[in-house]
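**Q** Here is my input; please provide its structure:
(3 chains)
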Amino acid sequence: MTIAARFYVDRGAFVLDVDVQLPSRGVTALFGKSGSGKTTILRCMAGLEQPDKGHVVFNGEVWQDAERFVPPHQRRIGYVFQEASLFPHLTARGNLRYGWKRTPLAERRIDEDEIVALLDIEPLLGRYPDQLSGGERQRVALGRAMLTSPSLLLLDEPLSALDRERKREILPYLERLRDELAMPMLYVSHSHDEVIRLADHLVLIEDGRVQANGPLAEVLVRTDLSLSADAEASVMIEAEIVEHDEQWHLSRLVFSGGELWVPRSEYAPGHSVRVRVHARDVSLTLEKASGTSINNLIHATVTSVVELEAPTHALVRLDANGTSLLARITRRSSHLLGLEPGRTVWAQIKSMALLD
Amino acid sequence: MLKTRTFFAAVALLVALPAWAAEVKVAVAANFYGTLQKLAPLYQEASGNTLVLSSGSSGALYTQIVNGAPFDVFLSADAARPERLEEEGLTLKDTRFIYAYGVPVLWSVREGVVDAEAQVLESDDFRHVAIADPKLAPYGVAAQEIMTVRGVFESLDEAGKIVRGQSIGQTYSQIASGAADMGFVALAQVTDENGEIPGSHWIPPADEYSPIAQAGVALKRADDAEAAEHFLEWLQGSEARAVIKAAGYGFDD
Amino acid sequence: MLLPQDLTALWITLKLASISTVILIVLCVPLAWWLAHTRSRAKTLVEAMVTLPLVLPPTVIGFYLLLLLGPHGFVGGFLERIGVGHLAFSFSGLVIGSMIYSLPFVVQPLQNAFASTGTRVLEAAATLRARPVDRFLTVSLPLARRGFLTASVLSFAHTLGEFGVIIMLGGNIPGRTQVASVAIYNHVESMNFAAAHNLALVLVVMSFSMLLAVYVINRRFKVVGVAS
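**A** Prediction:
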């Protein structure tokens, strides 16, 4: 089950030329800087924009080809904009029901009560959009899009107009949509945090072209991409909560490469979580350090060493029993430690973000 | 030396001009405007004074004069308004007189529409007949009288066939443009240079309407009372009268 | 208080204002919509043409309409030939004249209302399975409500006071084309000031209360901004 899309858009200074196959399950992130073309791709996918040349097939259904163009209202998609764009003349409930009313009975899989409960928007229903906060509006917008029972949910940087608090508030709802409703999503973003937390699949877009297209964890550690070269370079580790330490307010996680201590998580033992580890937070020692304040020491083998553009730094890719790690260190250190593929080292993780 | 000589020459020239080259501002009823335009150069030659003409409906002009419009002379389409002005003390003594009698004519810009007996009025062959609003213009009153005598006014009015213009000037253009099939205007308006009348017309017998006595008067507000009176006197003279008669007006004598 | 012919004139005025406003709104919605959304180069030309009645003297408009709609005009002549009859000195002619005269007052508020709605909400509606006409009826129209109100009020009020066009085109036929504004003028002209005052007063009171009622009603509706 896939989405096949080819778009060519020529706007003079900016040219978009992509040809991708994407999974039609799970969350696929379209990731890149502002102006890279990711929003254009999303809009072309939705039919809100017509490329100069385009071809879209969704699970065997042709949405666009040389002869045909299926308009947005006939594609079974949901779309969430950066600013909620709720209808100002309707209440939240009116907004929710707008698409639902236009969905034939036979196609309605998701119902209003379910969505209202899932997104916690019960108290908002009677209010008008200008009486809602940004975060509340965005939740209603999500609900509105979901109630058309779409086969694919397209989200265009839904959180970037919100402040950090609101973002943190809404991300869990997005996770719920992904986990509880199994809604396939195409998620456009330039935020590492959002992508690493939500995505299963990552498409990296740069200057109107696709640079990478693959499972999240794999794409993140590729040393040939600009992704791993920039300051935000990270890896994603899927780990399971084993226990909570009430004395020190920590939780212990276990993954293929060993164990990690993180600030106490809300979730119960047995729950899987994603952890983001910045390359800049990983330092390396040849021997396991003792008497160190760093709690997380992982035994790993060097897979490759890559010189970065900054003349001072290098990127080291490591393998910890099946999980990849990245460490950003000085070239001097790399030289002094004699790092080369095959060398075993200890990776010290100073801090990590527990994405929950 | 040259400069001084030029200077004295200019002064001499200025002094040689007529001492009273006055301007007379005339408010004239629409129907007489064309005729007055023909009279103006004649007067200017005779007196050296210039005429400045403002045309309009007698009603509009009257209202303006009452409210302080700066005219020197008022040539109305009726006798009542100049009389009213005199009663209100807005005129110069003993200057009111009748300068012409208006002759109404039923006219169409197209030939064959108006017949010699004006039987077209009683027929159904036309859509609209235009008249000046009787409330505003004496020619309109005459038109109404003529149509009443013929017994057609009420029926035509009810049928919506009577178009009322704000002034005889507007009525004329409504007929001339062909928008109205025919209508009542002043004979002076339709008589051309050679004394001929284009299209088709009918001149009603004088007994079918009250005489349209057109009176003129000099106004108290006149900047130059002497010039104003002078003009009105000239208007009663033989030279002026000849032109007025040729234009299509009548006289009492 | 009012002379019978003045009552008739008032009635004609109200009829004229209402009919021309309604027809104008219906005809201008597609035009205003197009102007709000098009990127065509013809847009500026069309906008200038729409604004033209604002700068032309009403008597000029009336005069040319008289020629156009009269028996020898392009439109009037055609109507004569097909047996319908020309439109000079008729109520229908006045309706056409009023519509041209009030055109910019209807198009501009509507155009602004449609434009300020923006395309974003319409795109959202499209992704929510609404077809183009549906989007127009359920999103554009309600959000343009204020524009409709302004356009209607302006057109109606403008026509109530219309004079120059009607003077040329109407022919002042009692019961058909004699409107209140001309009747007042005629009373003043013939020094019938009492009648003039009375009719003018009624006209002013009527217009004012209509305008007041309209704005009060508009207040009651939710004041709709374009919330994100």
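
**Q** part of a helix, is residue B:65?
**A** Yes - assessed with DSSP: H, G, I helix; E, B strand; the rest coil, residue B:65 lies in a helix.

**Q** Let me see the confidence value for it.
**A** Per-residue confidence (pLDDT) for residue B:65: 91.

**Q** count of neighbours near it?
**A** 23 (other Cβ atoms under 10 Å in any protein chain shown). Heads up, the C-betas are built off the backbone N, CA and C, glycines and all.

**Q** give me the element the closest residue to chain C within chain A is part of.
**A** Closest to chain C within chain A is residue A:99: 3.3 Å, counting by Cβ to the nearest Cβ. Element membership of residue A:99, judged by DSSP states H and E, is helix A:92-101.

**Q** got the buried residues for that helix?
**A** Of all the residues in helix A:92-101, those buried under the rule 16 or more other Cβ atoms under 10 Å in any protein chain shown are A:92, A:93, A:94, A:95, A:96, A:97, A:98, A:99, A:100.

**Q** Could you do stretch A:323-334 as well?
**A** A:323, A:324, A:325, A:326, A:327, A:328, A:329, A:331, A:334.

**Q** Contacts for it, please.
**A** By Cβ atoms under 8 Å, 6 or more residues apart in numbering or on different chains, the residues outside stretch A:323-334 that reach it are A:217, A:220-221, A:223, A:228, A:233-235, A:237, A:255-257, A:277, A:279-280, A:282-284, A:298, A:300, A:303, A:305, A:307-308, A:311-319, A:347.

**Q** how about 7 Å then?
**A** For stretch A:323-334, the external contacting residues (Cβ atoms under 7 Å, 6 or more residues apart in numbering or on different chains) are A:221, A:228, A:233, A:235, A:237, A:255-257, A:277, A:279-280, A:282-284, A:298, A:300, A:305, A:307, A:312-318, A:347.

**Q** Now, the buried residues of stretch A:323-334 that are in strands?
**A** A:323, A:324, A:325, A:326, A:327, A:328, A:329 (DSSP state E).

**Q** Adding pLDDT, write those out as JSON lines.
**A** Shown next, in JSON lines, are those (pLDDT from 0 to 100):
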{"residue": "A:323", "pLDDT": "90"}
{"residue": "A:324", "pLDDT": "91"}
{"residue": "A:325", "pLDDT": "92"}
{"residue": "A:326", "pLDDT": "92"}
{"residue": "A:327", "pLDDT": "92"}
{"residue": "A:328", "pLDDT": "91"}
{"residue": "A:329", "pLDDT": "91"}
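
**Q** State the distance from the nearest residue to residue C:181 once chain neighbours are set aside to chain B.
**A** Nearest non-adjacent residue to residue C:181, counting by Cβ to Cβ, 6 or more residues apart in numbering or on different chains: residue C:163, 4.7 Å away. For residue C:163, the distance to chain B equals 10 Å [Cβ to the nearest Cβ, to the nearest Å].

**Q** In contact with residue C:163: list those residues for me.
**A** By Cβ under 7 Å, 6+ apart, the contact set of residue C:163 is C:58, C:181, C:182.

**Q** Summarise which helices and strands the host helix or strand of residue C:168 is packed against.
**A** Assigned by DSSP H and E, residue C:168 belongs to helix C:164-170. Other helices and strands packing on helix C:164-170, by 3 or more Cβ pairs under 7 Å, 6 or more residues apart in numbering or on different chains; DSSP states H and E, are helix C:58-69, helix C:91-117.

**Q** Swap in 8 Å and give it another go.
**A** Helices and strands touching helix C:164-170, by 3 or more Cβ pairs under 8 Å, 6 or more residues apart in numbering or on different chains; DSSP states H and E, are helix C:58-69, helix C:91-117, helix C:180-189.

**Q** To residue A:14, which of those lies closest?
**A** helix C:91-117 (26.1 Å; Cβ to Cβ).

**Q** what's the following helix or strand after the closest one?
**A** Next helix or strand after helix C:91-117 toward the C-terminus (DSSP H and E): helix C:120-127.

**Q** got the buried residues for that following helix?
**A** Quick answer for helix C:120-127 (16+ other Cβ under 10 Å): C:121, C:122, C:123, C:124, C:125, C:126, C:127.
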